[in-house]
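Visitor: Pasting a predicted model and its sequence here:
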Amino acid sequence: MVSKKPIRIALTGPESTGKSLLCQQLAEHFNEPWVPEYSREYLSDLKGDYNFGDILSIAHGQFEKESLQIKKARNVLFCDTDFMVTHIWCMVKYGKSHDWITNMAAKHPYDYTLLCNLDLPWEYDPLRENPHNRDYLFELYTKELTSRNIPFSIVEGTGNERLENAIQILEKQGITPTG
(Lines give C-alpha, C1' and ligand atoms only; values in the text may rest on other atoms or scores of the structure.)
Protein backbone atom coordinates (compact mmCIF):
# COMPACT_ATOMS: atom_id res chain seq x y z
CA MET A 1 0.00 0.00 0.00
CA VAL A 2 1.34 3.44 -0.96
CA SER A 3 0.88 6.09 1.70
CA LYS A 4 -0.30 9.53 0.67
CA LYS A 5 2.12 12.38 1.31
CA PRO A 6 0.68 15.06 3.62
CA ILE A 7 -0.22 18.33 1.95
CA ARG A 8 1.17 21.66 3.14
CA ILE A 9 -1.06 24.65 3.74
CA ALA A 10 0.74 27.99 4.08
CA LEU A 11 -0.71 31.00 5.83
CA THR A 12 0.71 34.21 4.49
CA GLY A 13 0.13 37.93 4.34
CA PRO A 14 1.32 41.16 5.93
CA GLU A 15 2.09 41.33 9.62
CA SER A 16 -0.74 41.61 12.12
CA THR A 17 -3.31 39.82 9.96
CA GLY A 18 -3.90 36.96 12.38
CA LYS A 19 -1.79 34.31 10.65
CA SER A 20 -0.35 32.71 13.78
CA LEU A 21 -3.62 32.43 15.66
CA LEU A 22 -5.47 31.19 12.60
CA CYS A 23 -2.76 28.63 11.83
CA GLN A 24 -2.97 27.23 15.36
CA GLN A 25 -6.78 27.19 15.28
CA LEU A 26 -6.85 25.38 11.95
CA ALA A 27 -4.38 22.78 13.18
CA GLU A 28 -6.57 22.17 16.23
CA HIS A 29 -9.75 21.99 14.15
CA PHE A 30 -8.28 19.57 11.61
CA ASN A 31 -6.39 17.65 14.31
CA GLU A 32 -3.06 18.08 12.53
CA PRO A 33 0.30 19.68 13.42
CA TRP A 34 1.40 23.20 12.62
CA VAL A 35 4.69 25.04 12.28
CA PRO A 36 4.89 28.34 14.18
CA GLU A 37 6.64 31.29 12.58
CA TYR A 38 10.33 30.73 13.35
CA SER A 39 11.27 34.40 12.87
CA ARG A 40 9.55 35.27 16.17
CA GLU A 41 11.76 32.80 18.06
CA TYR A 42 14.90 33.84 16.19
CA LEU A 43 14.37 37.60 16.52
CA SER A 44 13.37 37.36 20.18
CA ASP A 45 16.71 35.65 20.94
CA LEU A 46 18.75 38.07 18.80
CA LYS A 47 20.85 40.69 20.55
CA GLY A 48 20.52 43.90 18.53
CA ASP A 49 19.04 44.55 15.12
CA TYR A 50 18.70 41.87 12.47
CA ASN A 51 20.47 42.03 9.10
CA PHE A 52 20.15 40.56 5.61
CA GLY A 53 21.97 37.38 6.65
CA ASP A 54 19.59 36.85 9.55
CA ILE A 55 16.66 36.49 7.15
CA LEU A 56 18.48 33.62 5.45
CA SER A 57 19.06 32.00 8.85
CA ILE A 58 15.36 32.45 9.62
CA ALA A 59 14.37 30.79 6.33
CA HIS A 60 16.67 27.83 7.06
CA GLY A 61 15.25 27.54 10.59
CA GLN A 62 11.68 27.66 9.31
CA PHE A 63 12.45 24.93 6.78
CA GLU A 64 14.08 22.78 9.46
CA LYS A 65 11.05 23.11 11.77
CA GLU A 66 8.71 22.34 8.88
CA SER A 67 10.75 19.27 7.92
CA LEU A 68 10.34 17.93 11.46
CA GLN A 69 6.62 18.64 11.71
CA ILE A 70 5.72 17.10 8.34
CA LYS A 71 6.71 13.73 9.82
CA LYS A 72 3.91 14.15 12.40
CA ALA A 73 1.24 15.09 9.86
CA ARG A 74 -1.23 12.46 8.76
CA ASN A 75 -2.93 14.45 6.00
CA VAL A 76 -2.10 18.14 6.41
CA LEU A 77 0.63 20.37 7.80
CA PHE A 78 -0.29 23.98 8.55
CA CYS A 79 2.62 26.40 8.11
CA ASP A 80 2.62 29.86 9.65
CA THR A 81 4.74 31.41 6.90
CA ASP A 82 6.51 30.27 3.76
CA PHE A 83 9.49 31.15 1.57
CA MET A 84 7.47 33.79 -0.22
CA VAL A 85 7.28 35.70 3.09
CA THR A 86 11.06 35.70 3.56
CA HIS A 87 11.55 36.57 -0.12
CA ILE A 88 9.21 39.56 0.07
CA TRP A 89 10.72 40.58 3.42
CA CYS A 90 14.19 40.63 1.85
CA MET A 91 13.01 42.54 -1.22
CA VAL A 92 11.12 45.20 0.77
CA LYS A 93 13.81 45.67 3.41
CA TYR A 94 17.00 45.26 1.32
CA GLY A 95 15.96 45.43 -2.36
CA LYS A 96 17.34 41.93 -2.96
CA SER A 97 16.75 38.37 -1.85
CA HIS A 98 18.99 35.40 -1.09
CA ASP A 99 19.34 32.92 -3.96
CA TRP A 100 18.50 30.03 -1.62
CA ILE A 101 15.24 31.68 -0.54
CA THR A 102 14.30 32.52 -4.14
CA ASN A 103 15.05 28.94 -5.23
CA MET A 104 13.13 27.43 -2.33
CA ALA A 105 10.13 29.65 -3.05
CA ALA A 106 10.07 28.10 -6.53
CA LYS A 107 11.06 24.51 -5.67
CA HIS A 108 9.19 24.03 -2.39
CA PRO A 109 5.61 24.92 -3.27
CA TYR A 110 2.76 24.62 -0.84
CA ASP A 111 -0.34 22.78 -1.91
CA TYR A 112 -2.60 25.64 -0.94
CA THR A 113 -2.14 29.10 0.54
CA LEU A 114 -4.43 31.16 2.70
CA LEU A 115 -3.73 34.87 2.27
CA CYS A 116 -4.93 36.75 5.35
CA ASN A 117 -6.70 39.97 4.51
CA LEU A 118 -6.19 43.35 6.17
CA ASP A 119 -9.55 43.44 7.93
CA LEU A 120 -7.87 43.04 11.33
CA PRO A 121 -6.36 46.19 12.84
CA TRP A 122 -2.58 46.43 13.07
CA GLU A 123 -1.44 45.76 16.63
CA TYR A 124 1.86 46.87 18.07
CA ASP A 125 4.45 44.20 18.69
CA PRO A 126 8.18 44.96 19.11
CA LEU A 127 8.93 42.56 16.23
CA ARG A 128 6.59 44.30 13.78
CA GLU A 129 7.79 47.14 11.59
CA ASN A 130 5.24 47.83 8.84
CA PRO A 131 2.14 49.52 10.23
CA HIS A 132 1.82 52.00 7.35
CA ASN A 133 2.38 49.93 4.22
CA ARG A 134 0.12 46.94 4.80
CA ASP A 135 -1.93 47.66 1.65
CA TYR A 136 1.27 47.70 -0.42
CA LEU A 137 2.47 44.45 1.17
CA PHE A 138 -0.90 42.76 0.64
CA GLU A 139 -0.68 43.66 -3.06
CA LEU A 140 2.86 42.21 -3.21
CA TYR A 141 1.62 38.92 -1.73
CA THR A 142 -1.33 38.81 -4.12
CA LYS A 143 0.86 39.52 -7.16
CA GLU A 144 3.48 36.96 -6.08
CA LEU A 145 0.88 34.21 -5.55
CA THR A 146 -0.81 35.01 -8.86
CA SER A 147 2.40 35.24 -10.91
CA ARG A 148 3.63 31.91 -9.50
CA ASN A 149 0.25 30.26 -10.19
CA ILE A 150 -0.03 29.22 -6.55
CA PRO A 151 -3.55 28.18 -5.60
CA PHE A 152 -4.80 30.50 -2.87
CA SER A 153 -7.81 32.10 -1.25
CA ILE A 154 -8.14 35.29 0.73
CA VAL A 155 -9.35 34.77 4.29
CA GLU A 156 -11.51 37.50 5.77
CA GLY A 157 -13.55 38.11 8.87
CA THR A 158 -12.91 38.85 12.50
CA GLY A 159 -12.90 36.53 15.48
CA ASN A 160 -14.54 33.17 14.98
CA GLU A 161 -15.87 34.27 11.58
CA ARG A 162 -12.29 34.31 10.21
CA LEU A 163 -11.73 30.74 11.40
CA GLU A 164 -15.05 29.54 9.99
CA ASN A 165 -14.29 31.19 6.63
CA ALA A 166 -10.88 29.49 6.51
CA ILE A 167 -12.41 26.11 7.39
CA GLN A 168 -14.99 26.49 4.61
CA ILE A 169 -12.28 27.39 2.10
CA LEU A 170 -10.22 24.34 3.04
CA GLU A 171 -13.20 22.00 3.04
CA LYS A 172 -13.98 23.17 -0.51
CA GLN A 173 -10.42 22.03 -1.32
CA GLY A 174 -11.27 18.57 0.02
CA ILE A 175 -9.51 18.96 3.38
CA THR A 176 -11.39 17.44 6.26
CA PRO A 177 -10.55 16.91 9.94
CA THR A 178 -8.41 13.89 10.75
CA GLY A 179 -10.16 11.52 13.12
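Guide: That came through fine.
Visitor: Show me what counts as buried in the longest helix along the chain.
Guide: Counting residues, the longest helix found in the chain (DSSP state H) is helix 52-69. With burial defined by 16 or more other CB atoms under 10 Å, the residues of helix 52-69 counted as buried are I55, L56, S57, I58, A59, H60, Q62, F63, K65, E66, Q69. In this view, the C-beta of every residue, glycine as well, is placed from N, C-alpha and C.
Visitor: need the residues you listed in CSV with distance to Y141 and pLDDT, can you?
Guide: Formatted as CSV, these follow (distance: CB to CB, whole Å; pLDDT from 0 to 100):
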residue, distance to Y141, pLDDT
I55, 17, 98
L56, 20, 98
S57, 22, 98
I58, 18, 98
A59, 16, 98
H60, 22, 98
Q62, 17, 97
F63, 19, 97
K65, 21, 98
E66, 19, 97
Q69, 23, 97
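Visitor: Pick out whichever of the residues you listed sits closest to L114.
Guide: Set against L114, the nearest of the buried residues of helix 52-69 by CB to CB is E66 (15.9 Å).
Visitor: Make sure that closest one is actually in contact with V35.
Guide: Yes: using CB atoms under 8 Å, E66 is in contact with V35, at 4.8 Å.
Visitor: what is in contact with the two at once?
Guide: The contact sets of E66 and V35 overlap at L77, C79 (CB atoms under 8 Å, 6 or more residues apart in numbering).
Visitor: All the strands of the chain, residue numbers only.
Guide: Using DSSP state E, the strands found in the chain span residues 7-12, 34-35, 76-79, 112-116, 152-155.
Visitor: how about a markdown table for the ones you listed, with mean neighbour count and mean pLDDT added?
Guide: Output for these, formatted as a markdown table (neighbours: other CB atoms under 10 Å; pLDDT from 0 to 100):
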| stretch | mean neighbour count | mean pLDDT |
| --- | --- | --- |
| strand 7-12 | 24 | 97 |
| strand 34-35 | 25 | 98 |
| strand 76-79 | 25 | 98 |
| strand 112-116 | 23 | 98 |
| strand 152-155 | 20 | 98 |
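Visitor: Residue ranges in this structure under the pLDDT threshold?
Guide: Along the chain, segments meeting pLDDT under 70 span 1-3, 179.
Visitor: hmm, try it at 50
Guide: For the chain, the stretches flagged by pLDDT under 50 are 1-2.
Visitor: right, and the strands of the chain - which one's nearest T102?
Guide: strand 7-12 (16.0 Å).
Visitor: could you check the angle helix 52-69 makes with the closest one?
Guide: 150 degrees (axes from the mean of the first three to the mean of the last three CA atoms, to 10 degrees).
Visitor: From the chain's centroid, how far away is strand 7-12?
Guide: Computed by CA atoms, centre = their mean, to the nearest Å, the chain-centroid distance of strand 7-12 equals 6 Å.
Visitor: Alright, that wraps it up for me.
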